[in-house]
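J.: predicted model and sequence follow; I will ask about them next.
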Amino acid sequence: MKSLFITLALLTAPLLAAPPEGFKDIFNGQDFKGWWGIGTENPAKWMALSPEKLAEKKKESRLDVAQHWKVVDGIIHNDGHGLFLSTEKNYEDFELQLEYKLAPKADSGIYLRGIPQVQLWDTTEAGGSWKFGAQKGSGGLWNNPKDTAGREPLVHADKPIGEWNHIIVRLVGEKVTIHLNGQLIVDQAKLFNFFDKKENSTLPKAGPIQLQTHGAPVQWRNIYVKEL
């Protein structure tokens with residue numbers, strides 16, 4: 001009987017892994033040290049703040065993070081509301097690996113250098129986002145202009161709602177390549193600057209990685225980055 005309990009405990013324990021070679025774990029599994037909260041806002045604006053104003057903004061944001069984000073058994077939980085969990089460090093070129101799990105009707109994403117976004121959502125009809133293209137799958141650069149490469153994923157690679165998905169996002173310059181659950185879904189597509197619509201606009205040279213959520217709970221784990 002004791003061995004049965006041990007086996008069940010192993011089966012139900014969170015699958016937390018060590019970083020792949022060359023990657024760093026940017027979530028310590030215990031708290032949000034190294035993170036703060038940012039919404040959908042132009043990073044150029046808060047980057048231009050004085051050190052004092054920026055420190056005040058970060059302090060206020062952490063009050064919001066404490067209301068909507070928590071860590072349980074090494075897994076990040078968000079209730080579907082509040083500011084987005086954002087790295088304090090700003091990244092230039094990088095490869096990001098993480099796992100996420102969506103609740104029904106979830107609408108989430110990953111901001112790259114503070115720019116929206118790699119789209120993650122409930123792709124079922126019941127999820128309520130088919131009118132926005134959710135049936136085509138997660139992982140596309142949804143805020144890119146319509147009919148541009150990468151806005152829609154090449155294939156639908158999502159696992160069923162309630163299961164863990166593994167995503168790899170590589171950003172070099174302005175080009176993004178994404179694999180979802182082992183399948184290529186975005187291939188060297190330009191990420192457009194959502195906050196600057198001019199034809200010759202470029203991405204910020206560096207910015208935070210943001211975990212965006214709204215509308216329904218999302219869980220995150222095993223968040224690793226390799227700077228390129």
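T.: Noted; the coordinates are in hand.

J.: would you mind writing the CA trace of stretch 141-158 as PDB?
T.: Listed next in PDB are the C-alpha coordinates belonging to stretch 141-158 (Å, rounded to 0.1, in the frame of the first residue of the first chain):
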ATOM      1  CA  LEU A 141       1.700  36.600 -34.200                       C
ATOM      2  CA  TRP A 142      -1.900  37.700 -33.800                       C
ATOM      3  CA  ASN A 143      -1.200  41.500 -33.500                       C
ATOM      4  CA  ASN A 144       0.600  41.600 -36.800                       C
ATOM      5  CA  PRO A 145      -1.200  43.200 -39.800                       C
ATOM      6  CA  LYS A 146      -3.700  40.900 -41.500                       C
ATOM      7  CA  ASP A 147      -2.400  38.700 -44.300                       C
ATOM      8  CA  THR A 148       1.200  39.000 -43.100                       C
ATOM      9  CA  ALA A 149       3.400  36.000 -42.600                       C
ATOM     10  CA  GLY A 150       3.200  34.500 -39.100                       C
ATOM     11  CA  ARG A 151       0.000  36.100 -38.100                       C
ATOM     12  CA  GLU A 152      -1.700  32.700 -38.300                       C
ATOM     13  CA  PRO A 153       0.000  29.500 -37.300                       C
ATOM     14  CA  LEU A 154       1.100  27.100 -40.000                       C
ATOM     15  CA  VAL A 155      -0.700  24.200 -38.300                       C
ATOM     16  CA  HIS A 156      -3.000  23.700 -35.300                       C
ATOM     17  CA  ALA A 157      -0.700  22.200 -32.700                       C
ATOM     18  CA  ASP A 158      -2.600  22.800 -29.500                       C
END
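
J.: pull out the buried positions in that stretch.
T.: 141, 142, 143, 144, 150, 151, 152, 153, 154, 157, 158 (16 or more other CB atoms under 10 Å). To be clear about C-beta, it is placed using only N, CA and C from the backbone, and glycine gets the same treatment.

J.: sec struct for the fourth one, please.
T.: Under DSSP: H, G, I helix; E, B strand; the rest coil, residue 144 falls in the coil class.

J.: ok, it to residue 41 distance?
T.: 19 Å (CB to CB, to the nearest Å).

J.: where in this structure is pLDDT low?
T.: 1-15 (pLDDT under 70).
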